[in-house]
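Q: how does the following fold in three dimensions:
(chains A and B)
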2 protein chains.
Amino acid sequence: MTTKKILPQITERIQVAKSRLFTIEQIDLTFSNGEKREYECLAGKGRGAVMIVPMLDKHTMLLVREYCGGTHTYELGFPKGLIDAGESAVEAANRELKEEVGYGANNINLVHTVAMAPAFFDAKMTIFLAEDLYAEKLPGDEPEDLELVPWPLADYRQLLQEPDFNESRSIAALLLVKDHLGGIL
Amino acid sequence: MTTKKILPQITERIQVAKSRLFTIEQIDLTFSNGEKREYECLAGKGRGAVMIVPMLDKHTMLLVREYCGGTHTYELGFPKGLIDAGESAVEAANRELKEEVGYGANNINLVHTVAMAPAFFDAKMTIFLAEDLYAEKLPGDEPEDLELVPWPLADYRQLLQEPDFNESRSIAALLLVKDHLGGIL
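A: Sure, this is the predicted structure:
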């Protein structure tokens, strides 16, 4: 098993399309064995994103149901958002929690950092576990109040069966937190 | 808790950028409370994707280390790929398994279907568990042979700590399969 890999050389990088939020680049690559390929890659704006698993009490998570433009559906998942300029990830997590669910957290800890689709998209998200909540609402940029959905962590298998609980990052967050808290359930 | 949501109306949909693989659209939305927003959404080509968790034996998963253009790094994860025209998801899973790791599976079962980022990207991936493997190599479009990395399922926590095991869909697949097979470990 080789663990030291020689990265392919990027011989050209061309911007092929651009919108307000996204840039699409074509990269020309030469692999260490001489093979050449053209890949397309996406870059977003921004400084990364956060997702928060808020615990209302030791046994109950808090999810939100929110409109998703990519699929034109309402989807159930954990609160999340982009990191603003000048913010740390943990500050962004606490702000999003206050905006989307109306709570702050006295205790907020990193669970894991995940990548979305490294094959073509360099987007990272940091997942936090938020405990010891207190009521505090901040105005956000949401077009409508999000529906709050409490869910017992012990019923995570039922959550996985919900037809609108689909996002891989929410599924990863659920199972990482379940694994993390498993010993104290 | 309301579960019947009124979807916002899409009042306009404009293509704002396009590349070989991706299309970026702007959608103008009016929410049921009258609020208006402009969202950007991405559409890929294609018929969805598959990811496969191959079990070499009852206790050992098989991962691959593959170059990722989006992050310009080698990443550890489960074999995956796009569904070709005319293929079912399970046929795509078996083909990718043969191309990327050199095995077919006598026993291949759906674990879960996940969405990537429904807020702005309508991309779905079906995760399969592949068991009872047999050696069969198909030529693929990979620029180089992928490094195969066997990993004991019982050591999943060490895998989560690996610095190149980052993709949320691989993390979700790992923990879903661990949960699924948990009873027989």
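Q: CA only for contacts and neighbour counts going forward, please
A: Will do.
Q: host element of A:Ile27?
A: Taking DSSP states H and E as the criterion, A:Ile27 maps to strand A:22-30.
Q: any part of that strand near chain B?
A: Yes: counting by Cα under 8 Å from any Cα of the partner chain, chain B has neighbours in strand A:22-30: A:Ile24, A:Ile27.
Q: chain center to that strand: distance?
A: Its chain's average C-alpha position is 24 Å from that of strand A:22-30, according to Cα atoms, centre = their mean, to the nearest Å.
Q: walk me through the domains of chain A.
A: A:9-44, A:49-184 (automatic domain parsing).
Q: lowest confidence element among the helices and strands of chain A?
A: Averaged element by element with mean pLDDT, DSSP states H and E, chain A has its least confident helix or strand at strand A:36-44 (a mean of 93).
Q: coming back round to it: tell me the most buried of the domains of chain A?
A: Mean neighbour counts were compared across the domains of chain A using mean count of other Cα atoms under 10 Å in any protein chain shown; the top stretch is domain A:49-184, at a mean of 19.
Q: thinking again about what came up before, which one of the domains of chain A lies closest to B:Ser170?
A: Taking Cα to Cα, domain A:49-184 is the member of these nearest to B:Ser170, at 8.7 Å.
Q: wait, does the longest helix along chain A contact chain B?
A: Looking across chain A with DSSP state H, the single longest helix is helix A:168-181. Yes: contact check for helix A:168-181 against chain B, using Cα under 8 Å from any Cα: residues in range are A:Ser168, A:Arg169, A:Ile171, A:Ala172, A:Leu175, A:Leu176.
Q: which elements pack onto the strand holding A:Ile27?
A: Counting by 3 or more Cα pairs under 8 Å, 6 or more residues apart in numbering or on different chains; DSSP states H and E, the packing neighbours recorded for strand A:22-30 are strand A:9-18, strand A:36-44.
Q: which ones are touching the residue nearest to the spatial centre of chain A?
A: The structure's chain A has its C-alpha centroid closest to A:Met125; by Cα atoms, centre = their mean the separation is 4.3 Å. When contacts are counted by Cα atoms under 8 Å, 6 or more residues apart in numbering or on different chains, A:Met125 is found next to A:Gly48, A:Ala49, A:Val50, A:Met51, A:Thr113, A:Val114, A:Ala115, A:Met116.
Q: distance of the fifth one from chain B?
A: Between A:Thr113 and chain B the distance, using Cα to the nearest Cα, to the nearest Å, works out to 7 Å.
Q: so what sits opposite that residue in the bridge?
A: In this entry, A:Thr113 is beta-bridged to A:Thr126, by DSSP bridges.
Q: how about low-confidence regions in chain A?
A: Applying pLDDT under 70 to chain A flags residues A:1-3, A:183-185.
Q: switch to 50 and redo it
A: Across chain A, residues meeting the criterion (pLDDT under 50) sit at A:1, A:184-185.
Q: residue with max distance from the center of it?
A: Chain A, Cα atoms, centre = their mean, max distance from centroid: A:Gly34 (36.1 Å).
Q: what's the helix or strand hosting A:Val50 packed up against?
A: Here A:Val50 is covered by strand A:49-57, with elements defined by DSSP H and E. The contact analysis (3+ Cα pairs under 8 Å, 6+ apart) places strand A:49-57 against strand A:60-68, strand A:80-82, helix A:89-100, strand A:121-135, helix A:168-181.
Q: got JSON lines for the residues of helix A:168-181 next to chain B, with distance to A:Pro152 too?
A: Supplementary listing: these in JSON lines, determined by distance: Cα to Cα, whole Å:
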{"residue": "A:Ser168", "distance to A:Pro152": "19"}
{"residue": "A:Arg169", "distance to A:Pro152": "19"}
{"residue": "A:Ile171", "distance to A:Pro152": "15"}
{"residue": "A:Ala172", "distance to A:Pro152": "17"}
{"residue": "A:Leu175", "distance to A:Pro152": "13"}
{"residue": "A:Leu176", "distance to A:Pro152": "15"}
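Q: closest one of those to chain B?
A: Taking Cα to the nearest Cα as the measure, chain B lies nearest A:Ala172 of the residues of helix A:168-181 next to chain B, at 4.4 Å.
Q: my read: that closest one touches B:Ala172, true?
A: Yes: in this structure, A:Ala172 sits in contact with B:Ala172. The criterion is Cα atoms under 8 Å, and the distance is 4.4 Å.
Q: any idea how far A:Asn109 is from chain B?
A: Computed with Cα to the nearest Cα, the distance linking A:Asn109 and chain B is 16 Å.
Q: so that residue makes contact with A:Asn94?
A: No: contact status for A:Asn109 versus A:Asn94: not in contact, 10.7 Å apart, counting by Cα under 8 Å.
Q: please state the offset of the strand holding A:Val50 from the chain centre?
A: If you compare the mean C-alpha spot of strand A:49-57 with that of the full chain, they lie 11 Å apart, counting by Cα atoms, centre = their mean.
Q: what sits up against that strand?
A: A:61-63, A:78-83, A:89, A:92-93, A:97, A:123-133, A:150, A:173-174, A:177.
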